[in-house]
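Asks: Sharing a model that was predicted from the sequence below.
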Amino acid sequence: MKLSQIVKALEAKVLTGDDLLEKDIETCGASDLMSDILAGLSEGSILLTGLTTIQVIRTAMVAGVGAVVFVRGKTPPQEVIDLAQEQELPLISSPYSMFVSSGRLHACNLTGLDGRR
Amino acid sequence: MTAFNKSYYINSRDFIRAGEVSIKIQTLLKSLNFDAQLVRRVAICGYEGEMNVVMHGGDGALSFGIFNDKLVMEISDDGPGIVDIEKAMQAGFSTASDAHREMGFGAGMGLANMKKNADDIIVESEKGQGTCIRMVFFIDKGDKVD
C-alpha cells in the first residue's frame, strides 16, 4: 500500500517527507529495540516505534527502513526530523498506541518483517 | 591490491554522533555501486560494533578496507573488554546499562547480528584489555557493478 494510505489509516501527521508519500510499503515492524530492527528484514518496511532518539533514524537508515511512525502521538526533537529530512526518510506521528497502530496496518494487509501475517 | 583503506575515530559515550561512521561507510559503498544486500550487511555490522564501543568501550576506532575480493572491517577499543566472549555472542545476553536500555539498546543482539551478517568474524578481547572485532565480507562477482 502507499505511504499516503498508511498516513490515513493511522490518522497520522507527516513530520517530514510530504513529497515521498507515494512510496510502496508491504511490510511492517514494531519495535523499540534497535538490534531487533536490524535483525529483521526491514528493507522498505514501515517501522512503528515509541522511541524518538536520533538513533532511531540511524538504525532505520542502516536497516533500509522505508518510513518511521512514532506512536502515541510522539514527536521527536527537531534535530531528529532534520536528519530524517536530509536522508529522505519519511517520519509520521500517529495518535494511536503501538498495539492499535499495528492492528490497523495488519487490517490493511501489511505483513510482518518475516513475511507472516 | 587495496582499493580503499581508512580508519575512523569512534568517540565513546557520544551518543549524539554514535552511528555516523557506519552511515559514512554505507554511503560510500552505495556510491561505489556495491550490491544492496552486501551494503546492508556491512552497515549493520559496523553500526552494531560502533554502538558497542560507544556504550561499553573506551575510545575506539573503525578501520575499513576495500580489496579486490573482499571488504574488511576492524572495530577496536580500549574499553573494559569482554569477560566471556561465548556468552556475549548469545542472542539476548546484554550488559547494557538502564540508561542504554531506555534508548533502545541492550537487546543483546549486537554481536549476534554481527556474526549473522559477516562472512567471517574474529572477536579478541580480555577483561581490562579492550576489544578487537575483525570481520570479512566476500565480494561475489555480481556484488559490484562498475
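Replies: Happy to help now that I have it. Model, not experiment: these values are computed from the prediction.

Asks: Determine if any part of the lowest-mean-pLDDT helix or strand in chain B is in contact with chain A.
Replies: Ranked by mean pLDDT, DSSP states H and E, the weakest helix or strand in chain B is helix B:98-102, scoring a mean of 79. No - with Cβ under 8 Å from any Cβ of the partner chain as the criterion, chain A is not reached by helix B:98-102; the gap is at least 8.8 Å. Bear in mind the C-beta positions are built from the backbone N, C-alpha and C, glycine included.

Asks: do the helix or strand following that helix and chain A meet at all?
Replies: Using DSSP states H and E, the helix or strand that follows helix B:98-102 towards the C-terminus is helix B:110-117. Yes - residues of helix B:110-117 are located near chain A by Cβ under 8 Å from any Cβ, namely B:110, B:112-113, B:116.

Asks: How about the residues of chain B by chain A?
Replies: Counting by Cβ under 8 Å from any Cβ, chain B sits next to chain A at B:15-16, B:18-20, B:22-23, B:26, B:36, B:40, B:43-44, B:46-48, B:51, B:103-110, B:112-113, B:116.

Asks: Whichever of the residues you listed end up buried, select them in ChimeraX.
Replies: In ChimeraX syntax, the buried subset of the residues of chain B next to chain A is picked out as below (16 or more other Cβ atoms under 10 Å in any protein chain shown):
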select /B:15,18,19,20,22,23,26,40,43,44,46,47,48,51,103,104,105,106,107,108,109,110,112,113
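
Asks: Nearest residue to the middle of chain A?
Replies: Among the residues of chain A, the one closest to the centroid is residue A:68, at 2.3 Å (Cα atoms, centre = their mean).

Asks: quick one, phi/psi of it?
Replies: Residue A:68 adopts backbone torsions of phi -120, psi 130, taken as degrees, to the nearest 10.

Asks: That one against residue A:49, yeah?
Replies: Yes - contact criterion Cβ atoms under 8 Å: residue A:68 and residue A:49 qualify, at 6.6 Å.

Asks: any idea how far residue B:137 lies from residue B:72?
Replies: In this structure, residue B:137 and residue B:72 are 8 Å apart, going by Cβ to Cβ, to the nearest Å.

Asks: again, but for residue B:18
Replies: In terms of Cβ to Cβ, residue B:18 sits 22 Å off from residue B:72.

Asks: List the residues that contact residue B:5.
Replies: B:63-66 (Cβ atoms under 8 Å, 6 or more residues apart in numbering or on different chains).

Asks: any idea of the mean pLDDT for the host helix or strand of it?
Replies: Counting by DSSP H and E, the element that carries residue B:5 is strand B:2-10. For strand B:2-10, the mean pLDDT works out to 88.

Asks: What is the burial count for residue A:89?
Replies: For residue A:89, the number of neighbouring residues by other Cβ atoms under 10 Å in any protein chain shown comes to 21.

Asks: would you say it is within a helix?
Replies: No - per DSSP: H, G, I helix; E, B strand; the rest coil, residue A:89 lies outside any helix segment and is coil.

Asks: For it, give me its contacts.
Replies: Contacts of residue A:89 (Cβ under 8 Å, 6+ apart): A:16-17, A:57, A:60-61, A:65, A:67-68.

Asks: for residue A:88, same thing?
Replies: So residue A:88 contacts A:17, A:20 (Cβ under 8 Å, 6+ apart).

Asks: where's it relative to residue B:124, distance?
Replies: Taking Cβ to Cβ, one finds residue A:88 at 39 Å from residue B:124.

Asks: same thing with residue B:9?
Replies: To residue B:124, residue B:9 is 20 Å away according to Cβ to Cβ.

Asks: between these two, which one's more packed in?
Replies: Ranked by neighbour count (other Cβ under 10 Å), residue B:9 and residue B:124 place residue B:124 first, with 14 against 10.

Asks: Remind me which helix or strand that one belongs to.
Replies: strand B:120-125.

Asks: residues making contact with that strand?
Replies: Outside strand B:120-125, the residues touching it (Cβ under 8 Å, 6+ apart) are B:81-82, B:85, B:88-89, B:111, B:114-115, B:131-136.
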